[in-house]
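> Only the shape, not the letters, is given here:
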């Protein structure tokens, strides 16, 4: 297999066909499109001589033995699932990069350490409301009680979906890997921000990963006829929700200097008819940053606003904190190896933080971990306009190859 | 058939089984549940000796001949479809009332005028975004171009749904009836407000019907990664939409004294994921009142706010006026006949306006029309808690019987 720019382009385009719609790519975790993309990559992994294994989450492992039977694994990989109406590069660049780097390493001859390529299932939270589920399971951080109740937008729950793929939910605890197994893990990914593009750089050497705090907020009003209910007699769940949306925006703007952001990305109105005052609004809030104190302050201030709005409008608002993860600092040594690889490959780079969460942040709990960022156009991600150049992807693959070589040799 | 309170209760409970869920009744227009409820009522209409006809909208007509072949029709009826998670009485009370009144009239012996009971299809706008579609078609007010494009929440368009019931969309113009045919039309309905309950009255003699102005508002932002996109770089469609929701609430409150209300009952967020800044929000606005100038002012002030928010947030907001109907004044003579019937029946009553729209407002274009309101508990409608007493329904039937008798004798 000759890893040139044509090959890279072809594989990325091929994967982009799975889940393609007229508004970008919708390849939700465990969907038919996700299965097809996985099968496509598994075929290439087999061509490269990897030994394939899937765990009870559906995570895919492709292993190449090293010369030392007792040596620890050097891992690399990313994910294939997308958000609804997503792009071609988020996750895919790391999967294709891992394939390419391993193909490159095979041409350098046998290495001491075994290599393991991992495709993580359900990195995006779009389907079940939980992000990086596959890597959380591998890191032994699966929240089994919460996952058991997680439903997708069609009402299917997670255990049922797993079961339809032949996996048993109760076996998820066995998916966990241990610190003894890994020497290192490295993930390549698009930046999903504008830092590299604005600095005209090719590679980001990631030092820390921001973590999300996620809330489910339910506003419980009363459904009334929209024509016959005077304004002063209403308990409109949506007008209260509108105040909450503006509150989280305002609070996040006040914490901008600390790198914290706040978003309502998903909101449902019930019963949802033009002539009915909304009786129930459910909305999901995503607060992120690399400064845990700033995230905590943002959450506390939002809860104060919830109390004020509930009181002023005499309406019930229930806040559930679904998750509150701490930002993750990556491994000093692996970060140094990545930086060294940038110099060896002759690409310009900078050290930086990741604003988005990644499977690497879970892998960091069981393996010394690093990340390699490449630029994406205008920082656009989770969008059909997501774009990365083959030159940048190629450069990232050179850095990943050199990094894995230094770790596994 | 003996129209007593037991019979009334049984028929209402029977209809309530069609579309029953654990959160009220969902019997959308043209759904299986709607067909089942229609079939149930048609059977009773046949037992009463009515000659049944359906037009190309699916509207149902049950006719009893009068003694004078040339006399105009006296009509009565209502609808069987519901909003999602609706109640047992909206529409149903008028259908059951029509059946009962006609059964009562049959015991009085033959009348001069033919009687026609009508079950109107698609009164609720919940399925296709257009209200009172069946009666609009009968009144020759079908907006065929707009209806052809109307889709339900599952993506099915209106002509396809009609076709699946054996009706041809292109035949809708033939559904229209004419002024020559009707002497009068009278609809009985729950009030869907609190006026009768607060005044401790049994019957509302309706003089005018408020009309809705309906808008589709699209906020076109840009979908971005929620973690990696700083607050100041966002074009968040949902935060702009939140300002619009609060604007329409505020403007409607300012026009409360004129009886005008404003509601956002339905809102969709795209792509709709916890970790994506919303790129597109589509929301539907319902403005209503009995004072057309006040409705127009409310709309104009809302459009001013749209322009201000679009400018301040540098975002595209598109407003489509889907419909803008004028309030309808009912027929003086028919209103007088209803009032007289209240006195004859010995029930306390008041003249009043209807805040909600009804099929009667379309029938008013081709027939001298009246309406009879009965109270509903706390004014609650379009909600599983919707409730009316059998005593009030029985009283309404006495008034409807007497009204139809006076008009048809």
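Everything's here; your move. In this text the structure is predicted, and so the values were computed from the model without any measurement.

> For the rest of this, base every contact and every neighbour count on C-alpha atoms.
Will do.

> mean confidence score for stretch A:307-320?
In this model, stretch A:307-320 carries a mean pLDDT of 97.

> hmm, that stretch in reach of chain B?
No: judged by CA under 8 Å from any CA of the partner chain, stretch A:307-320 stays clear of chain B, getting no closer than 12.8 Å.

> In that stretch, which residues are buried?
For stretch A:307-320, burial by neighbour count (16 or more other CA atoms under 10 Å in any protein chain shown) applies to A:309-310, A:315-317, A:319.

> mean confidence for stretch A:100-117?
The average of the pLDDT scores along stretch A:100-117 is 94.

> I meant to write stretch A:66-78 there.
Rounded mean pLDDT across stretch A:66-78 is 96.

> now stretch A:143-160
For stretch A:143-160, the per-residue pLDDT averages 94.

> Can you tell me what sits against it?
Contacts to stretch A:143-160, defined as CA atoms under 8 Å, 6 or more residues apart in numbering or on different chains, come from residues A:127-130, A:168-169.

> Please, where are all the strands along the stretch 101-250 of chain A?
Counting by DSSP state E, counting those that start in this stretch, the stretch 101-250 of chain A has strands at residues A:115-120, A:182-190, A:203-209, A:211-220, A:224-225.

> Mean neighbour count added to those strands, as a markdown table?
Converted to a markdown table, the strands of the stretch 101-250 of chain A look like this (neighbours: other CA atoms under 10 Å in any protein chain shown):
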| stretch | mean neighbour count |
| --- | --- |
| strand A:115-120 | 26 |
| strand A:182-190 | 26 |
| strand A:203-209 | 24 |
| strand A:211-220 | 23 |
| strand A:224-225 | 26 |
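
> For residue A:368, find the nearest of the ones you listed.
Of all those, strand A:182-190 sits nearest to residue A:368, with 4.7 Å by CA to CA.

> so what strands line up beside that closest one?
Strand A:182-190 pairs in its sheet with strand A:73-79 (parallel), strand A:369-374 (parallel), by DSSP bridges.

> Buried ones in whatever helix or strand residue A:42 lives in, by neighbour count?
Secondary structure from DSSP states H and E places residue A:42 in helix A:32-47. By 16+ other CA under 10 Å, the buried positions in helix A:32-47 come out as A:33-38, A:41-42, A:45.

> try stretch A:222-239
A:222-231, A:234-239.

> Contact residues of the stretch 101-250 of chain A facing chain B?
Among all residues of the stretch 101-250 of chain A, those adjacent to chain B (criterion: CA under 8 Å from any CA) are A:125-126, A:129, A:192-193, A:210, A:212, A:223-232, A:238-239, A:241-243, A:245-246, A:249.

> Quick one: residues contacting whichever residue of the stretch 1-150 of chain A sits closest to chain B.
Among the residues of the stretch 1-150 of chain A, residue A:126 lies closest to chain B, at 5.2 Å counting by CA to the nearest CA. Contacts here follow CA under 8 Å, 6+ apart; on that basis residue A:126 touches A:28, A:82-84, B:273-275.

> Are any of those buried, and if so which?
If we count by 16+ other CA under 10 Å, the contacts of residue A:126 have these buried: A:28, A:82-84, B:273-275.

> Of those, just say which sits nearest to residue B:382.
Compare each of the buried ones among the contacts of residue A:126 with residue B:382 using CA to CA and the shortest gap goes to residue B:273, at 29.1 Å.

> Excluding its own residues, what touches the helix or strand bottoming out on mean pLDDT in chain A? List them.
When the helices and strands of chain A are scored by mean pLDDT, DSSP states H and E, strand A:224-225 comes last with a mean of 84. Here strand A:224-225 makes contact (CA under 8 Å, 6+ apart) with A:234, A:275-279, B:192, B:356, B:380-383.

> That's all I had, so thanks and see you.
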